[in-house]
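Chemist: Have a look; sequence and predicted model below, questions after that.
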Amino acid sequence: MEELGFDPIESMIEISKQAMADKNYALAGQMAKELAQYVYPKRKAVVHTSDQPLEPMSITVNFVDEPQPFPGTKNLK
């Protein structure tokens, strides 16, 4: 491609610019998505690990006749 003077990145940039000018946002977005991978690395999922065992939790549910709003929230009545 170098011998032909063709730069695919530059070509995608030009396509994106023309697509924006033509208000073809789907194509412009696709070009931006393709170009972004050369600028920003793809993020990987983060896995948290620990040698500590998980501690048991408990949840208490109280049923009341006249519920009150949770402290710090607005009364939505």
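Modeler: Perfect, I can see it now. Quick caveat, the model's predicted, so the values are computed rather than measured.

Chemist: What residues sit buried inside the one helix or strand Met20 maps to?
Modeler: Applying DSSP states H and E as the criterion places Met20 in helix 8-21. By 16 or more other Cβ atoms under 10 Å, the buried positions in helix 8-21 come out as Met12, Ile15, Ser16, Ala19. (C-beta placed from N, C-alpha, C; glycine too.)

Chemist: Which secondary structure elements does that helix sit against?
Modeler: helix 25-39 (3 or more Cβ pairs under 8 Å, 6 or more residues apart in numbering; DSSP states H and E).

Chemist: Buried residues in the helix it packs on, which are they?
Modeler: By neighbour count on 16+ other Cβ under 10 Å, the buried set for helix 25-39 is Ala28, Met31.

Chemist: In PDB, list the C-alpha atoms belonging to that helix.
Modeler: Extracted as PDB, the C-alpha positions of helix 25-39 are listed here (Å, rounded to 0.1, in the frame of the first residue of the first chain):
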ATOM      1  CA  TYR A  25     -24.000  10.200  10.700                       C
ATOM      2  CA  ALA A  26     -24.200   6.400  10.600                       C
ATOM      3  CA  LEU A  27     -21.200   6.200   8.200                       C
ATOM      4  CA  ALA A  28     -19.300   8.900  10.100                       C
ATOM      5  CA  GLY A  29     -19.900   7.100  13.400                       C
ATOM      6  CA  GLN A  30     -18.700   3.800  11.900                       C
ATOM      7  CA  MET A  31     -15.500   5.500  10.600                       C
ATOM      8  CA  ALA A  32     -15.000   7.100  14.000                       C
ATOM      9  CA  LYS A  33     -15.400   3.700  15.700                       C
ATOM     10  CA  GLU A  34     -12.900   2.100  13.400                       C
ATOM     11  CA  LEU A  35     -10.400   4.900  13.800                       C
ATOM     12  CA  ALA A  36     -10.700   5.000  17.600                       C
ATOM     13  CA  GLN A  37      -9.100   1.500  17.900                       C
ATOM     14  CA  TYR A  38      -5.900   3.000  16.600                       C
ATOM     15  CA  VAL A  39      -5.900   5.800  19.100                       C
END
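
Chemist: Sweet, I'm off.
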